[in-house]
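Engineer: Sequence and predicted structure, then a few things I'm wondering about:
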Amino acid sequence: MSKPAFFIILTVLFFSLSSLFAQVETENDTLDEELISFEVDNLYDNASFKSKFHLEDTSLLFMHSDTLFRFGWCNDIIHVRRYDFTKKKDVTPIVLEDCSKSFCFTQPNYGSVTSNFGMRKGRYHYGVDTKLYTGDTVYNAFDGIVRVSKFSKSYGNVVVIRHFNGLETLYAHLSKRLVEPNTPIRSGDVIGLGGNTGRSHGAHLHFEVRYFGEPINPNDIIDYGNFCLKKDTLYLSEKNFDYQSEAKKVHYYTIKKGDTFGKIARKNGTSVKALCRLNNCKSNKVLRAGKRIRVS
């Protein structure tokens, strides 16, 4: 066989296989969506679900987009996927409270803020920490369904709830979880007890609010001084995701054996003084191999 004929056959075979794999991937993606829809539809048809939400008035179900509520329904993965909303062009109204439809908000706990949303010790903190004592009651914020209830190395005992308004809320470092995945839950229901599990220094509640897996500053929603909502409806725009541009500028370096501040600074085009400022430390700090240090 001549070389040109061989390469033609090889090229045809390559494209045939590529097409086959693409088809398989598409079919798998479709199957995943069907499984997600099947799970959620079963919840809607569940008798205890209907009883819990008094579904003679089905308007509650239509306060959210079906696509939004079904997206990435998984009981094991805490954060399903990530989007860049810094160029979001439209404004999305998120109903936080509508008492005429018995759709209300409950403050998860009533402790003072100990750590806010934003940059903290060289990395981004995507929630608000509030003070509590181990064993204190933690409440669910809005009506919805429990998506995750598990133990995580970082979050400790953590609960994630998908709400009918399209948001998700996360409650971390609990000493005990009192809800199970795929169960309906009302605003004000007890979801667990406060604690100090996971990567936590002292008992507190780490509370997050997310939209399509992307964090929103809880202060955009909650008045922590008065323990109430700032407004009944949140008009979600690119401004709520301004932090994403700042977070993208943050880069880390994994420390290797024999590294010094001077070596790390030279490798990353910065100075020892800048490294110490970014990591809130002194230049005589012991550097441990395998740990990460912020370099920008």
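Structural biologist: Cool, got the structure.
Engineer: For the rest of this, base every contact and every neighbour count on C-alpha atoms.
Structural biologist: Will do.
Engineer: what sits against residue 202?
Structural biologist: By CA atoms under 8 Å, 6 or more residues apart in numbering, residue 202 lies in contact with residue 196.
Engineer: With residue 195 as the reference, measure out to it.
Structural biologist: Plainly put, residue 202 is 8 Å away from residue 195 if you go by CA to CA, to the nearest Å.
Engineer: how many other residues sit next to residue 191?
Structural biologist: Each residue near residue 191 was counted by other CA atoms under 10 Å, and the total is 26.
Engineer: Phi and psi next, for the residue nearest to residue 290 when sequence neighbours are not counted.
Structural biologist: Closest residue in space to residue 290, ignoring its immediate chain neighbours: residue 255 at 5.4 Å, by CA to CA, 6 or more residues apart in numbering. Recorded main-chain torsions at residue 255 are phi -70, psi 130, according to degrees, to the nearest 10.
Engineer: do residue 280 as well
Structural biologist: Note on residue 280: backbone dihedrals following degrees, to the nearest 10 are phi 50, psi 50.
Engineer: Not counting its own residues, what contacts stretch 178-189?
Structural biologist: In this structure, residues lying in contact with stretch 178-189 by CA under 8 Å, 6+ apart are 43, 49, 52-53, 75, 103-108, 139-149, 159, 190-193.
Engineer: Is residue 245 located within a helix, as I assumed?
Structural biologist: Yes. Counting by DSSP: H, G, I helix; E, B strand; the rest coil, residue 245 is located in a helix.
Engineer: residues near it, how many?
Structural biologist: The number of residues packed near residue 245 is 12, by other CA under 10 Å.
Engineer: Do I have it right that residue 171 meets residue 209?
Structural biologist: No. Counting by CA atoms under 8 Å, residue 171 does not reach residue 209; the two are 9.4 Å apart.
Engineer: Compare those two (neighbour count), which wins?
Structural biologist: Comparing residue 171 with residue 209 by neighbour count (other CA under 10 Å), the higher total belongs to residue 171, at 28 against 23.
Engineer: Make sure that one is indeed in a strand.
Structural biologist: Yes. According to three-state DSSP, residue 171 belongs to a strand.
Engineer: what residues are up against it?
Structural biologist: By CA under 8 Å, 6+ apart, residue 171 lies in contact with 158, 159, 160, 205, 206, 207, 208.
Engineer: now the fifth one, nearest residue through space, not along the chain?
Structural biologist: What it means is residue 206. In space, not counting the residues next to it along the chain, residue 206 is nearest to residue 129; the distance is 4.5 Å by CA to CA, 6+ apart.
Engineer: Surely the one you found is in a strand?
Structural biologist: Yes. Assignment of residue 129 by three-state DSSP places it within a strand.
Engineer: Mind checking which of the contacts of residue 171 are in strands?
Structural biologist: Using DSSP state E, the members of the contacts of residue 171 that fall within strands are 158, 159, 160, 205, 206, 207, 208.
Engineer: So what pairs up with the fifth one in the strands?
Structural biologist: Meaning residue 206. Note on residue 206: beta-bridge partners residue 129, residue 172, judged by DSSP bridges.
Engineer: now residue 192
Structural biologist: Taking DSSP bridges as the rule, residue 192 bridges to residue 138, residue 177.
Engineer: for residue 216, same thing?
Structural biologist: Taking DSSP bridges, one finds residue 209 as the beta-bridge partners of residue 216.
Engineer: What about residue 260, how many residues nearby?
Structural biologist: Applying other CA under 10 Å, we find 18 other residues in the vicinity of residue 260.
Engineer: Ignore what I typed, I meant residue 225.
Structural biologist: The burial count assigned to residue 225 is 10, neighbours taken as other CA under 10 Å.
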